[in-house]
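Visitor: prediction below, plus the sequence it came from.
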Amino acid sequence: MMADAQVKGALSEEELQDLVASSDTGSRSPKGAVGTFLAVVAIIWAAFQIILASPASNYILPGDLINNSRQIHLAFALFLAFMAYPALKSSPRHYIPALDWAMASIGAFIALYGFVFYQKIVDAGGLADDVDKWVALAGLILLFEAARRALGPAMAIIATIFLFYVFFGSSEWIPDVIRWKGASLKKAMSHMWITSEGVFGIALGVSTKFVFLFVLFGALLDKAGAGNYFIKMAFGALGHLKGGPAKAAVVGSAATGLISGSSIANVVTTGTFTIPLMKRVGFSSEKAGAVEVASSVNGQIMPPVMGAAAFLMVEYVGISYLEVITHAFLPAAISYIALVYIVHLEAVKTNMPTIGNRVVSMGRTIGGMAAFFIGFAALCYGVKFPVNWVVSALPESSGVVLTAMVGVAYVILLWVASKVPDLEPDDPNAETVELPVVGEIYKAGLYYLLPIIVLVYFLMIEQKSPGLSAFWATALLFFILLTQRPLKAMFRGSGEFVRSFKDGVADLIDGLIDGSRNMIGIGLATATAGVIVGTVTLTGVGQVMADLVEFLSGGNLILMLVMVGLLSLILGMGLPTTANYIVVSSLMAGVVVELGAQSGLIVPLIAVHLFVFYFGIMADVTPPVGLASFAAAAVSGGDAIKTGFVAFFYSLRTIALPFVFIFNTDLLLIDVGFAQGVLVFVIASIAILIFTAGTMGWFITKSRFYESIALILISFALFRPDFVMDHIQPPFKAVPAVQVTSALDDAKSGDEVRLIVSGPDFDTGEIKETTLVVSIDGDKSGADRLSETGLALIAEGDVMKMDEPGFSSPYVKTLESFDFYGDKPVEIKTVQASASQLPKELVFIPALLLLFGVVLLQRRRVEKVAPVSTDKKEVAA
């Protein structure tokens with residue numbers, strides 16, 4: 001009955017899958033021999049990437065293939081893009097036109113050009129000859145066309161504009177502020193296609209080495225049934241609460257986001273079940289879609305995959321993968337906590353009914369979930385102790401023993417799973433919805449946690465490379481997919497062993513194909529973004545952008561951050577998250593760091609990259625282009641633009657957090673110990689909940705406007721206690737520049753001494769400033785500490801002049817834009833020495849007292865209203 005009452009405007013299941021395919025995997029799936037051929041190509045690509053990531057790659061693959069793996073990666077992506085993505089909406093879906101065959105073949109060959117003619121290019125010193133330049137130009141044209149098909153027109157248009165700038169940047173119609181000398185076709189094509197500065201640069205290398213394996217891991221895990229298991233568990237744990245389907249959607253999308261790099265696929269996968277149930281308990285079509293959008297898009301900020309950005313940050317920031325996900329974890333976690341609270345407030349405001357007849361307290365539910373996550377984390381960490389024991393006791397055969405132990409654990413968990421029925425997807429439109437009972441269904445998928453434990457163990461404990469870690473987790477998934485069905489059949493005594501094994505092989509093949517097709521867009525995005533990165537390195541437009549942003553912002557750091565955020569948002573409206581991150585971080589990350597230093601704020605590079613990334617993912621939400629919002633509206637039948645605006649409002653905390661962690665790097669767990677990290681997590685969670693309550697206009701009851709303002713101010717004080725304390729007790733005291741040695745001498749270990757350097761810019765001659773931070777370590781004299789900086793200082797009266805620093809100085813890169821040989825000297829303007837300051841955590845006390853006051857005010861209002869309903873029996877649906 002309910003199933004027949006489809007919402008007007010909502011798409012059918014087939015149409016939804018076509019929507020995902022058109023954006024993620026390609027909507028063309030020809031039948032017959034051609035379809036088989038495409039499947040074989042996808043499987044070969046997956047097999048090549050798996051072997052490339054394996055420890056035995058040097059023994060299996062020739063050195064030439066390994067050294068040119070980026071070209072091979074792009075060749076597969078280009079070939080499959082022209083085969084899987086139609087050129088136009090009117091193009092055929094069930095067969096491949098001859099032109100597409102030609103473009104696919106030529107594109108793959110040109111991608112392999114550097115591999116095929118490797119010796120010729122090496123002999124020419126990496127410089128393109130007349131043949132090379134035309135081949136490279138054809139390759140760029142085909143790459144842009146493939147990107148247009150797979151990613152939409154914006155990516156190709158932006159890359160084309162940057163390429164035109166390379167050629168015509170010297171023209172008179174180019175504004176002086178961004179004009180450069182221009183480049184010949186031969187030089188540009190050498191840079192963009194022949195060398196590793198452009199298309200075949202760092203981004204495509206990361207896609208080749210790391211991203212493919214993680215995308216494949218997610219596809220195989222989903223094919224094994226983990227996606228449905230996560231959703232079932234989320235609904236079993238949260239579905240019975242007020243607004244339960246929405247809370248379950250948030251948690252289920254977070255779990256799916258761990259293994260998915262696509263917010264659109266996440267929306268459709270979980271949304272087809274969650275959105276109808278949300279509407280049943282009272283959410284409007286737009287609000288139901290917005291909850292799913294906000295939670296699915298946030299999946300991209302959740303480690304370990306982060307929509308492939310985590311691996312790019314490793315290369316761009318120059319820190320380990322473990323550090324990247326450590327820094328990214330807390331903002332992502334509290335963002336999801338806030339989203340669950342938003343959903344809770346929406347349910348409370350309208351007194352939504354619950355689903356099912358179970359009554360379980362929210363506190364007990366949250367406690368149970370917290371216990372699970374803590375237990376899972378402890379298990380991942382605790383695995384190292386038996387592993388270390390085995391390695392020390394059996395060093396020669398430890399690999400075999402450990403593999404056998406994992407196999408035994410898998411068989412035991414699978415035997416446990418065989419005792420309960422397999423989990424089938426529920427129909428959200430059924431007349432009666434039976435919520436799963438966690439205590440009954442959790443056994444059905446415990447073995448899905450094994451590959452995740454293996455992945456986390458190798459990444460976090462062994463600290464192996466992301467590629468190798470994903471390889472071992474993927475290898476375990478291969479084994480699971482091939483054996484879970486036949487072993488269950490054997491344990492259940494059903495006698496369907498052979499058929500079950502065939503089904504497992506089919507699942508594995510489908511997972512390999514899905515993983516490869518999901519990678520088409522990412523491979524093309526990283527390659528096309530390489531053109532933009534290549535333009536930055538060839539033309540120096542990055543410095544021009546820095547000057548432009550500094551001019552437009554007037555040197556104001558907040559205004560500059562707003563401009564960078566808006567640029568990320570605007571670019572992201574047409575670019576996939578990965579490409580948007582590459583482009584904006586290439587253009588703007590250095591700008592933020594440089595202008596921050598000029599303002600006296602030392603911004604860690606990872607904070608800037610996360611800032612850009614957070615605003616980039618918001619483009620999937622933001623109207624009028626937010627693709628995830630359109631996907632959610634297609635499921636809910638609601639208005640896509642309204643869905644986008646509501647999702648944007650729900651995502652306010654995702655916009656606020658980057659501004660917070662730029663100024664308070666404790667949120668990124670930078671230089672934070674374990675005990676302080678726990679405190680930061682607790683306080684940040686409270687702060688984000690209070691911020692959410694303030695922006696939603698509801699806390700214990702409906703907030704008055706001054707209460708909402710108070711709540712936002714409280715959240716600010718909790719997020720930025722240093723801002724308040726710095727105004728009470730400044731953290732630094734000014735010291736005359738000529739006393740820099742004595743300031744360094746007086747500093748204690750752990751202090752900072754900041755040198756404000758002023759001097760002419762090398763390019764413009766205009767006076768600018770930057771801040772050098774001298775971290776004090778150990779007990780040394782001021783002269784020794786100054787010597788370690790490598791700075792050459794000359795005191796002339798009250799002026800402390802500076803010569804160009806030596807190559808060994810850690811400040812060479814920071815000072816390279818100063819003109820040390822101009823008429824005006826580079827000098828230390830002032831010295832800021834650490835001053836004694838009370839702990840900033842003391843600010844929490846008045847903030848929490850003010851929060852207690854708001855609680856008392858709202859409780860008093862609730863108690864006055866409560867007697868009105870004492871004689872009425874409230875319905876708890």
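Guide: Yep, it's here.

Visitor: can we go C-alpha only for contacts and neighbour counts from here?
Guide: Fine.

Visitor: identify the single longest helix in this protein, thanks.
Guide: The helix spanning the most residues in the chain, taking DSSP state H as the definition, is helix 497-539.

Visitor: which helices and strands does that one pack with?
Guide: When contacts are defined as 3 or more CA pairs under 8 Å, 6 or more residues apart in numbering; DSSP states H and E, helix 497-539 packs onto helix 32-53, helix 69-84, helix 130-151, helix 153-168, helix 202-206, helix 212-224, helix 466-492, helix 577-598.

Visitor: okay, the angle between the helix or strand just after that helix and helix 577-598?
Guide: Note on helix 497-539: by DSSP states H and E, the next helix or strand toward the C-terminus is helix 541-553. Per axes from the mean of the first three to the mean of the last three CA atoms, to 10 degrees, the angle that helix 541-553 makes with helix 577-598 is 60 degrees.

Visitor: ok so, going back, could you export the helices and strands packed on helix 497-539 as CSV, including mean neighbour count and mean pLDDT?
Guide: Converted to CSV, the helices and strands packed on helix 497-539 look like this (neighbours: other CA atoms under 10 Å; pLDDT from 0 to 100):
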stretch, mean neighbour count, mean pLDDT
helix 32-53, 18, 93
helix 69-84, 27, 94
helix 130-151, 21, 91
helix 153-168, 19, 86
helix 202-206, 24, 87
helix 212-224, 26, 87
helix 466-492, 21, 91
helix 577-598, 25, 77
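
Visitor: same list (the ones you listed) but as a markdown table, adding distance to K733.
Guide: As requested, the helices and strands packed on helix 497-539 are arranged in a markdown table below (distance: least, CA to CA, whole Å):
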| stretch | distance to K733 |
| --- | --- |
| helix 32-53 | 53 |
| helix 69-84 | 52 |
| helix 130-151 | 53 |
| helix 153-168 | 46 |
| helix 202-206 | 43 |
| helix 212-224 | 49 |
| helix 466-492 | 44 |
| helix 577-598 | 18 |
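
Visitor: give me the element A254 is part of.
Guide: In this assignment (DSSP H and E), A254 forms part of helix 244-257.

Visitor: per-residue pLDDT, V268?
Guide: Note on V268: pLDDT of 73.

Visitor: what about it, neighbour count?
Guide: If you count neighbours by other CA atoms under 10 Å, V268 ends up with 25.

Visitor: how about it, secondary structure?
Guide: helix (DSSP: H, G, I helix; E, B strand; the rest coil).

Visitor: just checking, it touches F630?
Guide: No. Using CA atoms under 8 Å, V268 makes no contact with F630, being 10.5 Å away.

Visitor: if you go through the stretch 751-877 of the chain in chain order, where are the helices?
Guide: With DSSP state H, counting those that start in this stretch, the ranges of helices along the stretch 751-877 of the chain come out as 782-789, 812-815, 844-865.

Visitor: quick one, which of those helices is nearest to A833?
Guide: Between A833 and these, the tightest spacing by CA to CA is seen for helix 782-789, at 12.6 Å.

Visitor: what count of nearby residues applies to K89?
Guide: Neighbour count for K89, taken as other CA under 10 Å: 8.

Visitor: can you check L849 too?
Guide: Neighbour count of L849, defined by other CA under 10 Å: 12.

Visitor: what's the neighbour count on H327?
Guide: Number of residues near H327 (other CA under 10 Å) recorded here: 21.

Visitor: for E804, that is, sorry about that
Guide: Applying other CA under 10 Å, we find 18 residues neighbouring E804.

Visitor: how close does it sit to K813?
Guide: Here E804 is placed at a distance of 11 Å from K813 (CA to CA, to the nearest Å).

Visitor: could I get the helices of the stretch 751-877 of the chain as a markdown table with distance to I441 and mean pLDDT?
Guide: As requested, the helices of the stretch 751-877 of the chain are exported to a markdown table (distance: least, CA to CA, whole Å; pLDDT from 0 to 100):
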| stretch | distance to I441 | mean pLDDT |
| --- | --- | --- |
| helix 782-789 | 61 | 87 |
| helix 812-815 | 57 | 84 |
| helix 844-865 | 39 | 91 |
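
Visitor: between these, which one is nearest to A154?
Guide: helix 812-815 (34.3 Å).

Visitor: what helices or strands is that closest one leaning on?
Guide: So helix 812-815, by 3+ CA pairs under 8 Å, 6+ apart, packs with no helix or strand.

Visitor: residues in contact with that helix?
Guide: Here helix 812-815 makes contact (CA atoms under 8 Å, 6 or more residues apart in numbering) with 805-806.

Visitor: and that helix, what's buried?
Guide: Residues of helix 812-815 classed as buried by neighbour count (16 or more other CA atoms under 10 Å): L815.

Visitor: pretty sure I121 sits against F115.
Guide: No. The pair I121 / F115 is not scored as a contact, 9.4 Å apart, by CA under 8 Å.

Visitor: how far off centre is the helix or strand where I121 lies?
Guide: I121 belongs to helix 118-123 when assigned by DSSP H and E. Counting by CA atoms, centre = their mean, to the nearest Å, helix 118-123 is centred 38 Å from the centre of its parent chain.
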